[in-house]
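>>> This is the structure alone, sequence omitted:
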């Protein structure tokens, strides 16, 4: 898995318990995964179709630096399925895992469009 983006956890990212707010983390993952899918499918007409179970393994706190990792799990006819892991940059401890994030390529009418991709593009 390649880790693409790093985030420094700041006070505005915290929940009332003083740890990273899961909603913020999910927003970061969805954006990063969409950008990765766009790179793989070579089109910015990509939408999030499905996100599987989200496994919060541990938390992050203010001052931690986390990194968001992604890899291609498979290509479908109109989609690409990714896996994601978020970990602490320093300790390498896992914060979150998602087994499936599915992104679909759309045509100009908003319908799924075949992409013809079968191999992971290094981006």
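Sure thing, it's come through. Computed from a predicted structure; not experimentally measured.
>>> Show the pLDDT at residue 123.
pLDDT for residue 123: 78.
>>> residue ranges for the helices of this protein, please.
Counting by DSSP state H, the segments of the chain that form helices are 22-41.
>>> residue ranges with poor pLDDT in it?
Within the chain, not a single segment meets pLDDT under 70.
>>> now do 90
4, 122-123 (pLDDT under 90).
>>> measure the residue lying farthest from the centre of it to residue 48 for me?
The C-alpha centroid of the chain is most remote from residue 109, which lies 25.6 Å away (C-alpha atoms, centre = their mean). When distance is defined by C-beta to C-beta, to the nearest Å, residue 109 is 19 Å away from residue 48. From N, CA and C alone the C-beta is placed, and that goes for glycine too.
>>> One more: residue 34?
Going from residue 34 to residue 48 by C-beta to C-beta gives 6 Å.
>>> for residue 62, same thing?
Separation of residue 62 from residue 48 (C-beta to C-beta) stands at 28 Å.
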